[in-house]
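Undergrad: Sequence and predicted structure are below.
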Amino acid sequence: MITLKEVTRNNFDDVIKLSVFDEQKDFVADNLYSLAQAKAMPECVPFAVYNDNDLVGYVMYCLDFEDKEYWICRLMIDKKFQKKGYGRATMQCVLSLLMKDREHNKVYLSFEPENLIAKKLYEQLGFVADGRVIEGEIVYYLEYSR
């Protein structure tokens, strides 16, 4: 079962050691960078992703400082744990968490156009393109009822 846990001194080193395949490195920021970003930008909320007791990935969302909307700004599953459904399960955990906030009914994310696996996952979860491209990434959103 996938759970989201706080990144602490106890799992910090393990989280920054997580990695993706070489051909995926352009698709997601390094976890160390993401954790530094979360420290500098308190609107960012990072999580270590666990399947039972195994650390399998990292995810981060934020309530964007400018547009005041939720964004899932990082999702990475370690290369040893890919193709096991953990990315989808992680997204479902994050979405269920964000949907508890009754003041919002949309979640945004963006991804590199070449990342066809991410595109397929996001579309299967109900995300659709909003027509924007930000810093070379395609923007998708999921609208849900309150």
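TA: Good, I have the coordinates.
Undergrad: Not counting sequence-adjacent ones, nearest residue to R132?
TA: Excluding the flanking residues, the one nearest R132 by C-beta to C-beta, 6 or more residues apart in numbering is V139, at 4.1 Å. In this view, the C-beta of every residue, glycine as well, is placed from N, C-alpha and C.
Undergrad: in this protein, which spans are helices?
TA: For the chain, the helices defined by DSSP state H cover 12-17, 31-40, 86-98, 116-124.
Undergrad: just these: most buried one?
TA: Mean neighbour counts were compared across the helices of the chain using mean count of other C-beta atoms under 10 Å; the top stretch is helix 86-98, at a mean of 18.
Undergrad: And it, what does it pack against?
TA: Secondary-structure packing of helix 86-98 (3 or more C-beta pairs under 8 Å, 6 or more residues apart in numbering; DSSP states H and E): strand 2-5, strand 44-51, strand 54-63, strand 70-77, helix 116-124.
Undergrad: list the contacts for the closest residue to W71 other than its chain neighbours?
TA: Spatial nearest neighbour of W71, excluding adjacent residues (C-beta to C-beta, 6+ apart): Y108 at 4.7 Å. Each residue near Y108 by C-beta atoms under 8 Å, 6 or more residues apart in numbering is listed here: D64, E69, Y70, W71, I72, D130, V139, Y140, Y141.
Undergrad: again, 10 Å this time
TA: Residues near Y108 by C-beta atoms under 10 Å, 6 or more residues apart in numbering: 61, 64, 67, 69-73, 127, 130, 132, 134, 139-142.
Undergrad: and what of L75?
TA: 27-28, 49, 57-61, 87, 90-91, 94, 109, 111, 118, 121-122.
Undergrad: again with K39
TA: So K39 contacts P46 (C-beta under 10 Å, 6+ apart).
Undergrad: now swap in F12 and tell me
TA: N31, L32, L35, A48.
Undergrad: Identify the farthest-apart pair in those.
TA: L32 and A48 (13.3 Å; C-beta to C-beta).
Undergrad: which neighbours do these two share?
TA: With C-beta under 10 Å, 6+ apart as the test, L32 and A48 both reach F12, V15.
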